[in-house]
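**Student:** I'd like to go over a predicted model; first the sequence, then the structure.
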Amino acid sequence: GAVVSQHPSRVICKSGTSVKIECRSLDFQATTMFWYRQFPKKSLMLMATSNEGSKATYEQGVEKDKFLINHASLTLSTLTVTSAHPEDSSFYICSAKSSGRARHEQFFGPGTRLTVL
Amino acid sequence: AQSVTQLDSQVPVFEEAPVELRCNYSSSVSVYLFWYVQYPNQGLQLLLKYLSGSTLVKGINGFEAEFNKSQTSFHLRKPSVHISDTAEYFCAVSEVGSNYKLTFGKGTLLTVNP
């Protein structure tokens, strides 16, 4: 149980285009989802916290107009990278937290590798 | 704000040897502590967590960690490693009352050699 999926697993896009990444909790309801960015040889950096039905809370230094987050249901959150540039290339990982069991634990998705040409 | 320091960026060991991956944290309030493992191009998998109670925590794959409040440490140990344990290991902290936001250390690459 507690499976989180991400789609797509890999995406390559041209500079200036927008890319949408989906994060789904497959067997539980996620009241809160988190979006992280991971650079090569670096740790995970929290970008934003997404609560179902409300606006996301962004960490300092993260542009909310560039990284649009929508948490429309208890099982789906999306991250849209708008007007992508090569410096946005990274590994994006989402996690989901259940309101019920294991409420202290975040369950992580497999990640999405974004390459902007 | 909380912070996490993983003192070793890389730890090479031989198969069947013991290993300890070090983690220290800083916080002004009570914390929850976690160790995650990440295999190449994959997400994170929880190894173990400390929430409260016994300071010695046992996790999956034979790993264990000990919470030491006075030293603000949460070192990860395994008595005998396997080649399959080769991966990146992340220590993370969540402050109580922070809506479970995690702050990660920079990771330690454990390489198990035959």
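**Tutor:** Alright, I've got the coordinates. Numbering: from 1, shown residues only, chains lettered A, B, ... in the order given.

**Student:** so who does residue 22 touch?
**Tutor:** Reading this off chain A. Each residue near A:Glu22 by Cβ atoms under 8 Å, 6 or more residues apart in numbering or on different chains is listed here: A:Gln6, A:His7, A:Leu76, A:Ser77, A:Thr78. Any C-beta I mention is one placed from the backbone N, CA and C, and that applies to glycine too.

**Student:** chain B, not that one
**Tutor:** B:Arg22 neighbours (Cβ under 8 Å, 6+ apart): B:Gln6, B:Leu7, B:Asp8, B:Ser73, B:His75, B:Thr108.

**Student:** recalculate using a threshold of 10 Å.
**Tutor:** By Cβ atoms under 10 Å, 6 or more residues apart in numbering or on different chains, the contact set of B:Arg22 is B:5-8, B:11, B:73-77, B:91, B:105, B:108.

**Student:** B:Val93 contacts B:Ser28, correct?
**Tutor:** No: counting by Cβ atoms under 10 Å, B:Ser28 is not a contact partner of B:Val93; they are 11.9 Å apart.

**Student:** give me the common contacts of those two.
**Tutor:** B:Gln2.

**Student:** and these two? Which one has more around it.
**Tutor:** Per other Cβ atoms under 10 Å in any protein chain shown, whichever of B:Val93 and B:Ser28 has more neighbours is B:Val93, with 25 against 8.

**Student:** and the nearest residue to A:Gln106 once chain neighbours are set aside, what helix or strand is that in?
**Tutor:** Leaving aside its chain neighbours, A:Gln106 sits nearest to A:Ser95 (3.9 Å; criterion: Cβ to Cβ, 6 or more residues apart in numbering or on different chains). If you go by DSSP states H and E, A:Ser95 is part of strand A:90-98.

**Student:** after that strand, which helix or strand is next?
**Tutor:** strand A:106-108.

**Student:** show me what that following strand pairs with in its sheet, parallel or antiparallel.
**Tutor:** Looking at strand A:106-108 with DSSP bridges, its partner strands are strand A:90-98 (antiparallel).

**Student:** any idea how far the partner strand is from the chain center?
**Tutor:** The chain centroid and the centroid of strand A:90-98 are separated by 5 Å, computed with Cα atoms, centre = their mean, to the nearest Å.

**Student:** report the buried residues of that strand.
**Tutor:** A:Ser90, A:Phe91, A:Tyr92, A:Ile93, A:Cys94, A:Ser95, A:Ala96, A:Lys97, A:Ser98 (16 or more other Cβ atoms under 10 Å in any protein chain shown).

**Student:** the first one against A:Trp35, yeah?
**Tutor:** When you say that, I think you mean A:Ser90. No: using Cβ under 10 Å, A:Ser90 is not in contact with A:Trp35, being 11.3 Å away.

**Student:** which neighbours do the two share?
**Tutor:** A:Met45.

**Student:** lowest-confidence entry in the contacts of B:Arg22?
**Tutor:** Least confident of the contacts of B:Arg22 in the model: B:Leu7, at 91.

**Student:** from chain A, which residue is nearest to chain B?
**Tutor:** A:Phe108 (4.0 Å; Cβ to the nearest Cβ).
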